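J.: Any chance you can model this:
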Amino acid sequence: MISSSPSLLVLASGSPRRRELLQDAGLEFEILPAELEEVFRAGRSPEENAGELARLKADWAAARRPECFVLAADTLVAVDGRLLGKPRDRGEARRMLRQLSGRSHQVITGLACHPPGGPCLSETVASTVTFKPLSEERIEAYLDTGEYRDKAGAYAIQGAGGDLVQSCEGSFSNVVGLPVEQTLALLRRCGFPEDRLPGARPSRSASP
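T.: Residues are numbered from 1 along each chain as shown. Below is the predicted model of the structure:
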């Protein structure tokens, strides 16, 4: 859930998908979207770009909430090593879906956690998604849903876009926007209190 009082965890993202995934995992957190322009550096791999963007977002938020654990993420879609960002319009979304049709692509999320008073730790998580062959009619029908907007690669696997997918190898939640299992493991590595993590049991005092 999102905490209404000062929280130990800050999510440096305005993504509703990441917010929902963390809520579903049972974490309490605040939201502080990082106000940074996403710039992809030429000559760097998708993994390097995703990792760097996540670290920059975490550092930005940590400078404003140094007393908290700050979690940041950046998800990219790559085909043959080339990045597909968020489509600017329907025409660009159409071109992306044509490129993905009948092929496999990678969904890569850079994760970064900046603990209070400690160094920022980061990692990348990759999943492989294979699309069904898509006819022009099917592409246009999907575009009519409007779901492609603000989605890297122009689709949402958790929505109507799931019907375009033939298979997903690796973390499904990563394709949605945040690999939950790896996120919880990264929080543990950064020293996040176990009793604030999902599934924690309240400690019991010894009987007198």
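
J.: Just confirm Thr145 contacts Ala160, I think it does.
T.: Yes. Contact criterion CB atoms under 8 Å: Thr145 and Ala160 qualify, at 5.1 Å. C-betas here are computed from N, CA, C, even on glycine.

J.: The two: which is more packed in?
T.: Ala160 (16 against 12; other CB atoms under 10 Å).

J.: Quickly note the distance from that one to Asp144.
T.: If you measure Ala160 against Asp144 using CB to CB, to the nearest Å, the figure is 10 Å.

J.: Leu22 is in contact with Phe29, isn't it?
T.: Yes. Under the criterion of CB under 8 Å, Leu22 makes contact with Phe29 at 6.0 Å.

J.: between those two, which one's more packed in?
T.: The neighbour count for Leu22 versus Phe29, taken as other CB under 10 Å, is higher for Leu22 (24 against 21).

J.: Check which helices and strands the host helix or strand of Ala93 is in contact with.
T.: Using DSSP states H and E, Ala93 maps to helix 90-100. For helix 90-100, the elements it packs on are strand 82-84, helix 136-145, judged by 3 or more CB pairs under 8 Å, 6 or more residues apart in numbering; DSSP states H and E.

J.: Which residues does it contact?
T.: For helix 90-100, the external contacting residues (CB atoms under 8 Å, 6 or more residues apart in numbering) are 79, 84, 87, 131, 134, 139-140, 142-143, 148-149, 153-155, 164.

J.: mind redoing it with 6 Å?
T.: Identification of contacts with helix 90-100 by CB atoms under 6 Å, 6 or more residues apart in numbering yields Val79, Leu84, Pro87, Phe131, Ile139, Leu143, Tyr148, Ala154.

J.: Columns pLDDT on top of the residues you listed, output as JSON lines?
T.: Listed next are these as JSON lines, based on pLDDT from 0 to 100:
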{"residue": "Val79", "pLDDT": "93"}
{"residue": "Leu84", "pLDDT": "89"}
{"residue": "Pro87", "pLDDT": "94"}
{"residue": "Phe131", "pLDDT": "98"}
{"residue": "Ile139", "pLDDT": "98"}
{"residue": "Leu143", "pLDDT": "98"}
{"residue": "Tyr148", "pLDDT": "96"}
{"residue": "Ala154", "pLDDT": "96"}
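
J.: Quick one: the residues you listed as JSON lines, columns for distance to Pro16 too.
T.: Output for those, formatted as JSON lines (distance: CB to CB, whole Å):
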{"residue": "Val79", "distance to Pro16": "25"}
{"residue": "Leu84", "distance to Pro16": "20"}
{"residue": "Pro87", "distance to Pro16": "18"}
{"residue": "Phe131", "distance to Pro16": "24"}
{"residue": "Ile139", "distance to Pro16": "25"}
{"residue": "Leu143", "distance to Pro16": "21"}
{"residue": "Tyr148", "distance to Pro16": "15"}
{"residue": "Ala154", "distance to Pro16": "17"}
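
J.: Could you work out the most separated pair of the residues you listed?
T.: Spatially, the most separated pair among the contacts of helix 90-100 is Val79 and Leu143, at 18.6 Å (CB to CB).

J.: Going by residue numbers, what spans are strands in this protein?
T.: With DSSP state E as the criterion, the chain has strands at 9-11, 30-31, 69-79, 82-84, 104-114, 121-131, 165-169.
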